[in-house]
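Novice: task: produce atomic coordinates for the following.
(chains A and B)
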Amino acid sequence: MEQKTKIAAENGKQEIVITREFDLPLELLFKAYVESEIVEQWMGTKVLKLENVKHGGWQFETTDPKGNVVFQANGVIHEIIENQKITRTFEMENTPFPAQLEFLEFEKVSDQTSKLTMQIVYKSVEMRDQMLKLPFAQGINMAHNRLQDFVNKLK
Amino acid sequence: MRSQITALYLQSNNCTMEIRRDVFQAIADPTRRAILSLVALQAMTPGTIAENFSSSRQTISKHIQILSECELLHQTQNGREIFYHLNPEKIKEIDHFIEPFRKMWDEKFNKLEAIMKNYQPKK
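Specialist: The predicted model follows:
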């Protein structure tokens, strides 16, 4: 089965490219990126601010069921052209990770399908690799110590 | 961020689709990780594994089944008893660190797609 979402991360480069084809008309795909209520649903985060204009800002925040803030991110919209592209920065707050630059390109494939290409540029190759490992590390960090030791021995 | 990603991992318990992805789902569950750590030390029967947990035998048996389907566990027969072993080759696959990242985005995009398929424009 071919994977719908693909990640290209060349060794030694400080960028990655995420591509995904959607069974959605281009206009609906783009809408999912600019309407706060929709972004909230699929990103699973609260949208505090989303100004879809040049020089506009955005701000997301996620809280756990107890109301503690577990994730905060913000950035600036550098360029936005409806149904074509969004260029923006992304920065996670309260983390050592520096801001990253994101180029999102929206393309029509057919009347009912569309494609998103998301190029993310990081401050350095090391930062890129750390960001890529984040979900992996979170899965493993919670693992039982003995299991983790076992994995380390296999390396 | 952490809880968000964890939630994504826990969405599916099913290992019948793509094996490589599912290794991560298998280890996302704390009970299954505990089972793996037990079996990492020595091969065990399902009964011995279950004795280490307060959950019911059926629950533990279901977890063992998922781990076996993901090939994280191997079984051998010794007389009437079945012993479960850890499959080190499969554990190594967990090292393909980019897969959880891809999966995180894939799940988000699947959600986006599902939401927009049901999208009704506001009047």
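
Novice: not counting residues beside it along the chain, what's closest to the spatially most central residue of chain B?
Specialist: Nearest to the mean C-alpha position of chain B, counting by Cα atoms, centre = their mean, stands B:A26 at 0.9 Å. Once flanking residues are discounted, B:A26 sits nearest to B:C70: 4.3 Å by Cβ to Cβ, 6 or more residues apart in numbering or on different chains. C-beta here means a position set from N, CA and C on the backbone, and glycine is covered the same way.

Novice: if we can go back for a sec, the residue nearest to the centre of chain B belongs to a strand?
Specialist: No: secondary structure of B:A26 (DSSP: H, G, I helix; E, B strand; the rest coil): helix, not part of a strand.

Novice: make sure it is actually in contact with B:I66.
Specialist: Yes: here B:A26 lies in contact with B:I66, judged by Cβ atoms under 8 Å, at a distance of 5.9 Å.

Novice: count the residues that sit near B:H63.
Specialist: B:H63 has 24 neighbouring residues, counting by other Cβ atoms under 10 Å in any protein chain shown.

Novice: show me where chain A has its strands.
Specialist: Assigned by DSSP state E, chain A shows strands spanning A:5-8, A:15-22, A:46-50, A:57-63, A:69-81, A:85-92, A:100-110, A:113-121.

Novice: contacts for the second one, please.
Specialist: Pointing back at strand A:15-22 there. With Cβ atoms under 8 Å, 6 or more residues apart in numbering or on different chains as the test, strand A:15-22 has contacts from A:4-9, A:29, A:109, A:113-122, A:128, A:132, B:105-106, B:109, B:112-113, B:116.

Novice: which of these are buried, as a PyMOL select command?
Specialist: The PyMOL command for the buried members of the contacts of strand A:15-22 (criterion: 16 or more other Cβ atoms under 10 Å in any protein chain shown) is given here:
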select buried, (chain A and resi 5+7+9+29+114+116+117+118+119+120+122+128+132) or (chain B and resi 105+106+109+112+113+116)
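
Novice: what about residue 34, neighbour count?
Specialist: By default, I'm working from chain A. 14.

Novice: wrong one, chain B
Specialist: Neighbourhood size, B:A34 [other Cβ under 10 Å]: 19.

Novice: I'd assumed it was in a helix, is it?
Specialist: Yes: assigned with three-state DSSP, B:A34 falls within a helix.

Novice: was I right about it contacting B:F53?
Specialist: Yes: between B:A34 and B:F53 there is a contact at 7.3 Å, judged by Cβ under 8 Å.

Novice: need the contact list for A:A99.
Specialist: A:G75, A:T89, A:F90, A:E91, A:K123.

Novice: same thing but 6 Å
Specialist: A:A99 makes contact with A:T89, A:E91, according to Cβ atoms under 6 Å, 6 or more residues apart in numbering or on different chains.

Novice: sorry, back to before: look up how far chain A lies from the residue nearest to the centre of chain B.
Specialist: 10 Å (Cβ to the nearest Cβ, to the nearest Å).

Novice: same question for B:N118.
Specialist: For B:N118, the distance to chain A - Cβ to the nearest Cβ - is 10 Å.

Novice: in chain B, which spans are strands?
Specialist: Applying DSSP E to chain B gives strands spanning B:73-78, B:81-86.

Novice: let me know which of those is tucked in deepest.
Specialist: Among those, ranked by average contacts under mean count of other Cβ atoms under 10 Å in any protein chain shown, first place goes to strand B:81-86 (a mean of 17).

Novice: send the alpha carbons of that one over as CSV?
Specialist: Below are the C-alpha coordinates for strand B:81-86, written out as CSV (Å, rounded to 0.1, in the frame of the first residue of the first chain):
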residue,chain,number,x,y,z
GLU,B,81,3.1,-24.8,27.3
ILE,B,82,3.6,-21.8,25.0
PHE,B,83,6.5,-19.5,25.8
TYR,B,84,6.7,-15.9,24.5
HIS,B,85,10.1,-14.5,23.6
LEU,B,86,11.1,-11.0,22.6
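
Novice: what's that strand packed up against?
Specialist: When contacts are defined as 3 or more Cβ pairs under 6 Å, 6 or more residues apart in numbering or on different chains; DSSP states H and E, strand B:81-86 packs onto helix B:30-41, strand B:73-78.
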